[in-house]
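Visitor: The sequence and its predicted three-dimensional model are supplied below.
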Amino acid sequence: MGRHILRCVYCGKEYEDDHFRLNCDENHEPSLLRTVYKNGTFTIKEDLPGMFKFENYLPVVRTLDVSGAPVTYKSEGLAHNLELKNLYIIFNGYWPERNAFMETASFKELEAPSVLGRVPENHPETIVVASAGNTGRAFADICSKNRIPLILVIPEANIDEIWSCEPFNDCVVLIAASGNSDYTDAIKLAGKIIELEGYFPEGGAKNVARRDGMATTVLDAAHTMGRIPDHYFQAIGSGTGGIAAWESYLRLKEDGVYTNGVMKLHLSQNYPFIPIVDAWNEGKETFPELEEEKSKDAIHHMRAKVLSNRKPPYSIRGGIWDILTASSGTMYSVKNDEVAEAQRLFENYEEIDIHPAAGVALGALIQAVERGAVGKDDYVAFNVTGGGERRVMQEKDIYYLEPLFRFNDREINSESIVSKLKDILLAV
Ligand SMILES: [Zn+2]
């Protein structure tokens, strides 16, 4: 562990990993940092728990008690239906017959262990995470099981997303952004908590651990295929998963693990909220400022609500614009009825339920096949970012986490919020 450095995508400056760094110190345009693993070999350590089997491509200093990892298998039913000879499904979720044990049924369960494993054990500060749902559920579950203190901030409308198959430990504190608050207000509230002493931000797309955790999907796919996929399909909200997939491909290539071809990215969004599709298709290198009311209305009408980030890491160096350019990638717009049909098709042929977001990715794959953008013999990796939730709900007891405090949008935007937070958090 610790055999990696961080390198700025823009200027190339290198840093030792201090477990928390999110940015380059040089005065230049915004840029992501990327992890460079000095050992440069790809080994799967089956004796480590869950996704930590990819530990030598994770920036972690310790492993945690987790059971989830991506599971890649070669499709027969869906592949036959789409007339593809080499369709591989990267399944993230709960499907015991396939050894898939993500009990939160979402690939966000790849982010939390990696982010938390990057921080040394017994670090005195508490991590603060703002989420609209899946990410929060994964952090709450992993922190609770591993007794890691967490402050989680969620819009009150999404509180039902925070559940686990085990009762929550007191180390997890949930704060709701209530009233007319949305995800953006939750992010603002989390930002206020971080101003207090004793708390640090999770960091979002800028946290290399978050991206390298999600990047294990491509590692798993390449290992199962014995090569780099020709095509990679995934639905995106912020696009962080797409960036992670591309970085994973680069790592395998640069380290000489697999050297065949370029992995083409096929990323998708759910119409009517498709700001990344629009920006990319219009050739915009800079992401436009979105009109709030119009966006909220579009989000209200989409089936895969988790894909609703209004401020994606698009223009930042190493972000979505750069990876789509480098991979000669394609963006797809998938309508609600196509999503529903794709979900039905998947369950019919593969015999497990998938999330609407995974239905978006499958809708894009169907479009690509119809357009002839994917050849019958090509190696296709389709990332099912969430599945088996219905199975979890049927087979397990489900526990929900109640908010300890609520702040409405007026309070969140008031001058006195920081001192209020200080008082209540001191008492926890
Ligand atoms: Zn730099």
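Guide: Received, thanks.

Visitor: can you give me the strands in the stretch 151-300 of the chain?
Guide: Remark: strands assigned in the stretch 151-300 of the chain by DSSP state E, counting those that start in this stretch are 163-164, 172-178, 199-201, 231-235, 264-270.

Visitor: got the residues of this protein near the ion?
Guide: Within the chain, the positions near the ion by CB under 5 Å from the ion are 8, 10-11, 13, 24, 26. C-betas here are computed from N, CA, C, even on glycine.

Visitor: out of those, who's nearest Ala361?
Guide: Tyr10 (29.7 Å; CB to CB).

Visitor: quick one: the nearest residue to Leu64 once chain neighbours are set aside from the ion, how far?
Guide: Nearest non-adjacent residue to Leu64, counting by CB to CB, 6 or more residues apart in numbering: Asn146, 4.8 Å away. Distance, Asn146 to the ion, using CB to the ion, to the nearest Å: 33 Å.

Visitor: With Glu156 instead?
Guide: Counting by CB to the ion - Glu156 and the ion are separated by 39 Å.

Visitor: Pretty sure that residue sits against Ser181.
Guide: Yes: between Glu156 and Ser181 there is a contact at 6.7 Å, judged by CB atoms under 8 Å.

Visitor: which residues touch the closest residue to the ion within the stretch 151-300 of the chain?
Guide: In the stretch 151-300 of the chain, the residue that lies nearest the ion is Lys206 (12.6 Å; CB to the ion). Residues near Lys206 by CB atoms under 8 Å, 6 or more residues apart in numbering: 22-23, 32-33, 313.

Visitor: swap in Tyr332?
Guide: Counting by CB under 8 Å, 6+ apart, Tyr332 touches 266-269, 277, 363-364, 367-368.

Visitor: now, which of those sits nearest Gly318?
Guide: Distances from Gly318 to the contacts of Tyr332, taken by CB to CB, are shortest for Leu267, at 15.5 Å.

Visitor: Tally up the residues packed near that closest one, please.
Guide: For Leu267, the number of neighbouring residues by other CB atoms under 10 Å comes to 29.

Visitor: can you check the one 10 residues further on too?
Guide: Other residues near Val277 come to 20 when the count uses other CB under 10 Å.

Visitor: Residues in a beta bridge with Gly387, which ones?
Guide: Here Gly387 sits in beta bridges with Gly93, Ile354, going by DSSP bridges.

Visitor: Strand 264-270 and the one helix or strand in the chain whose mean pLDDT sits lowest, what's the angle between them?
Guide: In the chain, no helix or strand scores lower on mean pLDDT, DSSP states H and E than helix 292-300, which sits at a mean of 86. Using axes from the mean of the first three to the mean of the last three CA atoms, to 10 degrees, the inter-axis angle of helix 292-300 relative to strand 264-270 is 100 degrees.

Visitor: so after helix 292-300, what's the next helix or strand?
Guide: Moving toward the C-terminus from helix 292-300, the next helix or strand (DSSP states H and E) is helix 320-326.

Visitor: on contacts alone, who are the packing partners of that next one?
Guide: Judged by 3 or more CB pairs under 8 Å, 6 or more residues apart in numbering; DSSP states H and E, helix 320-326 is in contact with helix 240-254, strand 264-270, helix 275-281.

Visitor: Buried deepest among those, which one?
Guide: Stretch with highest mean neighbour count among the helices and strands packed on helix 320-326: strand 264-270 (a mean of 27; mean count of other CB atoms under 10 Å).

Visitor: ok, Pro288 to Ser268 distance?
Guide: Separation of Pro288 from Ser268 (CB to CB, to the nearest Å): 19 Å.

Visitor: Low-confidence ranges, this protein, go.
Guide: Applying pLDDT under 70 to the chain flags residues 1-2, 40.

Visitor: ok, now with 50
Guide: 1 (pLDDT under 50).

Visitor: quick one: the helices in the stretch 301-428 of the chain?
Guide: 320-326, 336-350, 356-371, 389-395, 409-412, 417-427 (DSSP state H, counting those that start in this stretch).

Visitor: buried ones in the last one?
Guide: Within helix 417-427, the residues that count as buried by 16 or more other CB atoms under 10 Å are 417, 421, 425.
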